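Enquirer: got a predicted structure here, sequence first:
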Amino acid sequence: MCITVRDDNMTMQTRVARIHEYGDPEVIKIETDELPDPGPGEVVLQQSAAAVHFADSYMRQGRYFLKPPLPTVLGLEGVGTIAAIGDDVTDHKEGDRAAYLFNVGAHADARIVPAEQLYVPPADLDDQTVVAAFVRTMTAQYLLRRLYRVAAGETILVHSAAGGMGSLLTQWATSLGAKVIGTVSSPDKFLTAEENGCAHVIDYTKEDFADQVLDITGGAGVPVVYDAVGADAYEGNLRALAPRGWFVNYGHASGPPPIDALELNQKSLIFTKASMKDYVSAPEEKAAMMDEVVAAIADGTVKPNITGAYELADIADAHAALDSRTTTGALVAVFDG
């Protein structure tokens, strides 16, 4: 139940999911804050949904590259309706639907957001799809189309191919004509990975995925690895890559990969850990990315798969599910706004 209200003094209260220390999901506390009026250039966004993904888990554990001062409210992306606007806000008005990317504090019924960070989500996408697929598909776009441009006929390796991001990467890469070798962490994820388009699926907890990749490619290796596993897959990724291959890390479920420049040098490998903020900082690039993402969702290139929607009060359960590494598809938080 949303408890965002205005009392007699015209103040607004909102629930938030906050941590005061790093740790397991139990460190998440649902608290009630007083929300100030929006300042110049700001809006109050009454939220309907927010993304829940591994970045939130990493932040809760103190393992994310962003470490805001504690205590902090979790969550990075949200969508909702503008409830109030501050001075100097000219591009938005009360009642407008709006969303934002990469702003810590999304797991809240309502929050202050700088108006310049808002975008208008596509009208034909519901709010849960906006946070479950739109942002993740933007990530897939820059990983597949801008960082390393996947080409038809290539054989590539996608880890966590049944997960929220891995599913989208696999679907889009397959549509580009690439053959995807996907890894999963349990046999019950095989079907999801295959439905996403994987030509080969490997359970990396039971098989040496690098040996399998080399066997599939006739010993050549792959030109690019998309990795969200991190430390546990590091050595295997080095073996699975072809000379001059790209090691693209976008997550570290098992801890950060222990990068060693001398090991990369053995095959002239390129390691990168890109961040979306550097691909959306230029307005014209952001607009072009969003146009391509909207088209990819509309034409079925990528197919959103929301497998869990959690009320704010149950957000710790979403974190526990992520930490178990048993989830497929995307998870979202929903608010009764």
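Expert: Yep, that arrived.

Enquirer: what about residue 210, which SS state?
Expert: Using DSSP: H, G, I helix; E, B strand; the rest coil, the structure places residue 210 in helix.

Enquirer: can you tell me how far it sits from residue 217?
Expert: Taking C-beta to C-beta, to the nearest Å as the measure, residue 210 and residue 217 are separated by 11 Å. For the C-beta atoms, the positions are set from N, CA and C on the backbone; glycine is no exception.

Enquirer: can you check residue 54 too?
Expert: With distances taken as C-beta to C-beta, residue 54 is found 28 Å from residue 217.

Enquirer: could you do residue 166 as well?
Expert: From residue 166 across to residue 217, the span is 19 Å (C-beta to C-beta).

Enquirer: go on, residue 112?
Expert: When distance is defined by C-beta to C-beta, residue 112 is 50 Å away from residue 217.

Enquirer: higher neighbour count, residue 166 and residue 217?
Expert: Relative neighbour count places residue 166 above the other of residue 166 and residue 217, with 32 against 17, counting by other C-beta atoms under 10 Å.

Enquirer: for the more buried one, grab phi and psi.
Expert: Note on residue 166: backbone dihedrals following degrees, to the nearest 10 are phi -60, psi -40.

Enquirer: residues contacting it?
Expert: Residues in contact with residue 166 (C-beta atoms under 8 Å, 6 or more residues apart in numbering) are 158, 159, 160, 182, 193, 196, 226, 228.

Enquirer: quick one: the helices in the chain?
Expert: Along the chain, counting by DSSP state H, helices occupy 54-61, 127-129, 135-142, 164-175, 190-196, 209-216, 234-240, 261-265, 283-298, 315-324.

Enquirer: most packed of the ones you listed?
Expert: Here the criterion is mean neighbour count by mean count of other C-beta atoms under 10 Å, and of those the winner is helix 164-175, at a mean of 26.

Enquirer: and the angle for that one with helix 135-142?
Expert: Angle, helix 164-175 to helix 135-142, by axes from the mean of the first three to the mean of the last three C-alpha atoms, to 10 degrees: 50 degrees.

Enquirer: next, the angle from helix 164-175 to helix 315-324.
Expert: Between helix 164-175 and helix 315-324, the angle comes out at 60 degrees (the same axes, to 10 degrees).

Enquirer: mean confidence for helix 164-175?
Expert: Here helix 164-175 scores 95 as its mean pLDDT.

Enquirer: run the chain-centre distance for it.
Expert: The offset between the C-alpha centroid of helix 164-175 and the centroid of the whole chain comes to 13 Å, using C-alpha atoms, centre = their mean, to the nearest Å.

Enquirer: kindly state the beta-bridge partners for residue 45.
Expert: residue 82, residue 111 (DSSP bridges).

Enquirer: who touches it in this structure?
Expert: Neighbouring residues of residue 45 by C-beta under 8 Å, 6+ apart: 78, 80, 81, 82, 83, 98, 100, 110, 111, 112, 113, 118.

Enquirer: how close does residue 88 sit to residue 323?
Expert: Counting by C-beta to C-beta, the separation of residue 88 from residue 323 is 42 Å.

Enquirer: ok, residue 313 next?
Expert: When C-beta to C-beta is applied, the distance between residue 313 and residue 323 equals 18 Å.

Enquirer: over to residue 191?
Expert: As judged by C-beta to C-beta, residue 191 and residue 323 stand 23 Å apart.

Enquirer: likewise residue 303?
Expert: Noted for residue 303: a distance of 26 Å to residue 323, by C-beta to C-beta.

Enquirer: ok, residue 213 next?
Expert: As for residue 213, its distance to residue 323 is 27 Å (criterion: C-beta to C-beta).

Enquirer: just residue 112 next, same as before
Expert: 30 Å.

Enquirer: same question for residue 77.
Expert: To residue 323, residue 77 is 20 Å away according to C-beta to C-beta.

Enquirer: what stretches of the chain score poorly on pLDDT?
Expert: Residues of the chain that meet the criterion pLDDT under 70 lie in 1-10, 337.

Enquirer: got the domain boundaries for it?
Expert: Each domain of the chain is listed here as a residue range: 5-121+305-334, 136-277, per automatic domain parsing.

Enquirer: as a markdown table, those with distance to residue 299 would be great.
Expert: Formatted as a markdown table, the domains of the chain follow (distance: least, C-beta to C-beta, whole Å):
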| stretch | distance to residue 299 |
| --- | --- |
| domain 5-121+305-334 | 17 |
| domain 136-277 | 9 |
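
Enquirer: for residue 130, find the nearest of those.
Expert: Taking C-beta to C-beta as the criterion, residue 130 comes closest to domain 5-121+305-334 out of those, the separation being 4.5 Å.

Enquirer: which residue ranges of the stretch 51-200 of the chain form strands?
Expert: 72-73, 78-85, 97-100, 110-114, 118-119, 155-158, 179-184, 200-203 (DSSP state E, counting those that start in this stretch).

Enquirer: among the contacts of residue 45, who's most crowded?
Expert: Neighbour counts for the contacts of residue 45 were taken using other C-beta under 10 Å; the highest belongs to residue 78, with 29 neighbours.

Enquirer: so that residue makes contact with residue 56?
Expert: No. Shown here, residue 78 and residue 56 do not form a contact pair, counting by C-beta atoms under 8 Å, at 11.8 Å.
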